[in-house]
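Visitor: here is a sequence with its predicted model. Questions after.
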Number of protein chains: 2
Amino acid sequence: MEIAALAEQILKGDRRSLARAITLVESQRADHQAMAAELLDRVSGAGRQAVRIGLSGTPGVGKSTFIEAFGCMLTGQGLRVAVLAVDPSSARTGGSILGDKTRMERLSREPNAFIRPSPAQSHLGGVARRTREAVALCEAAGFDVVLIETVGVGQSETMVSMMSDLFVLLLAPAGGDELQGVKRGIMEIADLVLVNKADGALKPAAQRTRADYAGALRLMRRRPQDPEDFPKALCVSALEADGLETVWGEMRGLLEWRRARSVFAQTRAEQARHWFAEEVRQALLARLETPGARARMAALGAEVAAGHLAPLAAARDMLDALDAPDAGENGPAGPA
Amino acid sequence: MEIAALAEQILKGDRRSLARAITLVESQRADHQAMAAELLDRVSGAGRQAVRIGLSGTPGVGKSTFIEAFGCMLTGQGLRVAVLAVDPSSARTGGSILGDKTRMERLSREPNAFIRPSPAQSHLGGVARRTREAVALCEAAGFDVVLIETVGVGQSETMVSMMSDLFVLLLAPAGGDELQGVKRGIMEIADLVLVNKADGALKPAAQRTRADYAGALRLMRRRPQDPEDFPKALCVSALEADGLETVWGEMRGLLEWRRARSVFAQTRAEQARHWFAEEVRQALLARLETPGARARMAALGAEVAAGHLAPLAAARDMLDALDAPDAGENGPAGPA
């Protein structure tokens, strides 16, 4: 694959090239990762920015229907929309079908839309890195809005919020009791709480749920840099495409406010700093994942389990082995 | 300090020497850590084992009262009891007084008891290591039972359960609703759920709470290696010292069962293996905590935040710097 040509196609907004580039970024192969790094270097110079929206909601709240309706509303306004999915459960369950094109048939046919299902990944650190790189590629490809979708399990929300400009929690109408079901941590990162299915017989329940959440949000500590009425709870109907323009208006208003106060740029700067530090930590821990290191960890672990070696002494052995000149059997070798 | 003499005193069961040794283990100073490692090497040869009991419960359930009553019951049987406290909140709050001697006045006067309050620590990884080492010292000092106390915040429970032979969750009587307040993860690691304050006017409520938890425990996946009626929910009154011998009997019964099936030894082997791997990971990440590495992380982080450097490129710089011969400004230097 010619990286220069691929970069050029991405900068032109070619969706097929974008898809190939994301596949490259997702690959575990060392040569692919080197190519991905070169590609990211090449396209990042363009300095393009999309509005990055993190979106969370448990299964059943109508996430796909919402993304399809919201995405089509945006493309209808001439905006280009990319949808990325993060599914931390996919490693265990074999993958639920988040971001599946068949569930967003109308949006997937839009020439201004790009939908990418969740890759199967082994650990959240890897998912984070690949998703960040996919976001960067979507921005380089000139998308105006990048929706990063995830499911309600806590850790993945925090991760997605650290790469988003704003974060949306999607809910279904429910009895007041269920308010407790939403983790406090997720409420704390949400800029907008949207109660979906505010249509037909469910409309009154949706309005009550919205009021419950509006009350709960008022009790939480406000972010001092945001307008007084944020975070905000709103009703929408993805099915009837009702309230979606209001949502988009609220999003733009919030981002405008933040841009005017440099909060937008500060947040992105903080996020970049966070990912730099995380990248360093993950790279250090990745030294334990070469075939040689894994084999040695297993052998020492067996010695420890058998009681022949204390955990601390075994750890010292392992660290010495990692630092030995021939340690990186799959990495750069040789003493300085 | 003479490490050989200190080790000798610990093996004789001297409490004052034990206290000094734990202080050594808790110290962040490099020379103290080297002495602590030598000390642990010296005493571990004795091969003594205590029953390690992890104990969790939110503030207000009567944890100190329970430990005092339970501990005195054990010392009354001629057993030697050590109490260690893990308080992951102490770094933030300046330390709550878990394991404080003034709250366990009677137990602290027992010649066969040793009580150690929670040290203020910066991160859970450090707390884990120091607590494990304190447990090892208590075992070397010939204690029969080591109680490791923590508060109900999830991560610290998991950590304590990974260094315990059995795990106890202490609760107060409550309405049925509050069952949801206990994190599922904590229920899953508990071998015994004890509803305290089963005395006076609260007795009926305690019995209802016990029944609620017994029902909840039955719905959870049983550990195939344990007796059919475990995990078990029981009522106790720490205030009236009621039910404590039953609890101890259940504990011994469970441990006997596990010993007879080699589950006890297997679990300890798995724990040792876990701590070996954790030790390696923590040691790798600790390379970012030398003054030189911190300064470089801060400088590169500022470049990233300012947009002068991409997170990935900065991470590569940092990793190269860590691997350079003069990287470890506080560690071993020089090329191979």
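Guide: Looks like it came in fine.
Visitor: does residue A:225 belong to a helix, a strand or coil?
Guide: When states are read from DSSP: H, G, I helix; E, B strand; the rest coil, the local structure at residue A:225 comes out as coil.
Visitor: give the contact list for it.
Guide: Residue A:225 makes contact with A:258, A:261, A:263, according to C-beta atoms under 8 Å, 6 or more residues apart in numbering or on different chains. C-beta: built from backbone N, CA, C; applies to glycine.
Visitor: could you list the domains of chain A?
Guide: Split into domains by automatic domain parsing, chain A comes to A:1-46, A:48-261.
Visitor: chain center to the last one: distance?
Guide: For domain A:48-261, the distance from its own C-alpha centre to the chain's C-alpha centre is 10 Å (C-alpha atoms, centre = their mean, to the nearest Å).
Visitor: which helix or strand contains residue A:221?
Guide: Residue A:221 is part of no helix or strand when elements are defined by DSSP states H and E.
Visitor: rewinding a little: redo the contacts of residue A:225 as CSV? Include secondary structure.
Guide: Formatted as CSV, the entries for these read as follows, by three-state DSSP:
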residue, secondary structure
A:258, helix
A:261, coil
A:263, helix
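Visitor: in the stretch 51-200 of chain A, which spans are strands?
Guide: Along the stretch 51-200 of chain A, the segments classed as strands by DSSP state E, counting those that start in this stretch run A:51-56, A:81-86, A:113-116, A:145-150, A:166-171, A:192-195.
Visitor: follow-up on the earlier one: which of the contacts of residue A:225 tops the neighbour count?
Guide: Across the contacts of residue A:225, the neighbour count under other C-beta atoms under 10 Å in any protein chain shown reaches its highest value at residue A:258, namely 22 neighbours.
Visitor: please give me every residue in contact with that residue.
Guide: Residues in contact with residue A:258 (C-beta under 8 Å, 6+ apart) are A:165, A:225-226, A:264, A:267.
Visitor: filter the residues you listed to the buried ones?
Guide: Burial by neighbour count, judged by 16 or more other C-beta atoms under 10 Å in any protein chain shown, picks out A:165, A:226, A:264, A:267 from those.
Visitor: burial measure for the closest residue to residue A:169 other than its chain neighbours, as a count.
Guide: Distances taken as C-beta to C-beta, 6 or more residues apart in numbering or on different chains place residue A:190 nearest to residue A:169, at 4.1 Å, with adjacent residues excluded. Around residue A:190 sit 27 other residues, with neighbours defined as other C-beta under 10 Å.
Visitor: I'd like to know how far residue A:190 sits from chain B.
Guide: Relative to chain B, residue A:190 is positioned 21 Å away (criterion: C-beta to the nearest C-beta, to the nearest Å).
Visitor: correct me, but that residue touches residue A:231?
Guide: Yes. The criterion here is C-beta atoms under 8 Å, and residue A:190 meets it with residue A:231 at 5.5 Å.
Visitor: pretty sure residue A:233 sits in a strand.
Guide: Yes. Under three-state DSSP, residue A:233 falls within a strand.
Visitor: which secondary element of chain A has the worst mean pLDDT?
Guide: Within chain A, judged by mean pLDDT, DSSP states H and E, the helix or strand with the poorest mean is helix A:90-93; its value is a mean of 45.
Visitor: for the stretch 151-300 of chain A, which segments are assigned as helices?
Guide: Using DSSP state H, counting those that start in this stretch, the helices found in the stretch 151-300 of chain A span residues A:155-161, A:184-189, A:203-219, A:244-260, A:263-286, A:291-305.
Visitor: TSV for those, including mean pLDDT and distance to residue B:62?
Guide: Listed next are these as TSV, based on pLDDT from 0 to 100; distance: least, C-beta to C-beta, whole Å:
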stretch	mean pLDDT	distance to residue B:62
helix A:155-161	87	33
helix A:184-189	80	26
helix A:203-219	90	30
helix A:244-260	96	47
helix A:263-286	94	40
helix A:291-305	96	38
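Visitor: need those in TSV (columns: distance to residue B:75).
Guide: Compiled in TSV, the helices of the stretch 151-300 of chain A are given as follows (distance: least, C-beta to C-beta, whole Å):
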stretch	distance to residue B:75
helix A:155-161	43
helix A:184-189	41
helix A:203-219	47
helix A:244-260	61
helix A:263-286	44
helix A:291-305	33
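Visitor: so which of these is the most surrounded?
Guide: Using mean count of other C-beta atoms under 10 Å in any protein chain shown, the stretch among the helices of the stretch 151-300 of chain A with the largest mean neighbour count is helix A:155-161, at a mean of 21.
Visitor: isn't residue A:73 right up against residue A:245?
Guide: Yes. Judged on C-beta under 8 Å, residue A:73 makes contact with residue A:245 at a distance of 6.5 Å.
Visitor: low-confidence stretches in the stretch 1-150 of chain A?
Guide: Counting by pLDDT under 70, the stretch 1-150 of chain A has low-confidence residues at A:1, A:88-102, A:120-125.
Visitor: enumerate the residues of it near chain B.
Guide: Listed as neighbours of chain B in the stretch 1-150 of chain A under the rule C-beta under 8 Å from any C-beta of the partner chain: A:37, A:40-41, A:44.
Visitor: buried subset of these as a PyMOL selection?
Guide: Here is the PyMOL selection string for the buried members of the residues of the stretch 1-150 of chain A next to chain B, based on 16+ other C-beta under 10 Å:
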select buried, chain A and resi 37+40+44
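Visitor: distance to residue B:132 and secondary structure added to the residues of the stretch 1-150 of chain A next to chain B, as TSV?
Guide: Formatted as TSV, the entries for the residues of the stretch 1-150 of chain A next to chain B read as follows, by distance: C-beta to C-beta, whole Å; DSSP: H, G, I helix; E, B strand; the rest coil:
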residue	distance to residue B:132	secondary structure
A:37	39	helix
A:40	42	helix
A:41	44	helix
A:44	44	helix
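Visitor: ok, which pair from the residues of the stretch 1-150 of chain A next to chain B is furthest apart?
Guide: Of all pairs drawn from the residues of the stretch 1-150 of chain A next to chain B, the one with the largest separation by C-beta to C-beta is A:37 and A:44; the distance is 10.7 Å.
Visitor: residues of the stretch 151-300 of chain A that sit close to chain B?
Guide: A:180, A:269-270, A:272-273, A:275-277, A:279-281, A:283-285, A:287-288, A:297, A:300.
Visitor: just to revisit the earlier point, just flag the most distant two among the buried ones among the contacts of residue A:258.
Guide: The largest separation in those, counting by C-beta to C-beta, is between A:165 and A:226 at 12.5 Å.
Visitor: surely residue A:48 meets residue A:140?
Guide: Yes. Counting by C-beta under 8 Å, residue A:48 does reach residue A:140; the two are 5.9 Å apart.
Visitor: of those two, which one has the most company?
Guide: Neighbours per residue (other C-beta under 10 Å) separate residue A:48 from residue A:140, with residue A:140 holding more: 24 against 16.
Visitor: ok, the more buried one - contacts?
Guide: With C-beta under 8 Å, 6+ apart, residue A:140 has these contacts: A:10-11, A:43-44, A:46, A:48.
Visitor: and which of those is nearest chain B?
Guide: residue A:44 (6.2 Å; C-beta to the nearest C-beta).
Visitor: and the domains of chain A, which is most packed in?
Guide: domain A:48-261 (a mean of 19).
Visitor: what's the first-to-last distance across it?
Guide: For domain A:48-261, the first and last residues are 21 Å from each other (C-alpha to C-alpha, to the nearest Å).
Visitor: ok, and the closest non-adjacent residue to residue A:59?
Guide: Spatial nearest neighbour of residue A:59, excluding adjacent residues (C-beta to C-beta, 6+ apart): residue A:151 at 6.8 Å.
Visitor: quick check, the one you found in contact with residue A:58.
Guide: Yes. Counting by C-beta under 8 Å, a contact exists between residue A:151 and residue A:58, whose distance comes to 6.6 Å.
Visitor: thinking again about what came up before, with the contacts of residue A:225 in mind, which one is nearest to chain B?
Guide: Lowest distance from chain B to the contacts of residue A:225 (C-beta to the nearest C-beta) belongs to residue A:263, with 14.0 Å.
Visitor: ok, now which ones touch the closest one?
Guide: With C-beta under 8 Å, 6+ apart as the criterion, the residues that contact residue A:263 are A:225-226, A:257.
Visitor: nice, that's everything, thank you.
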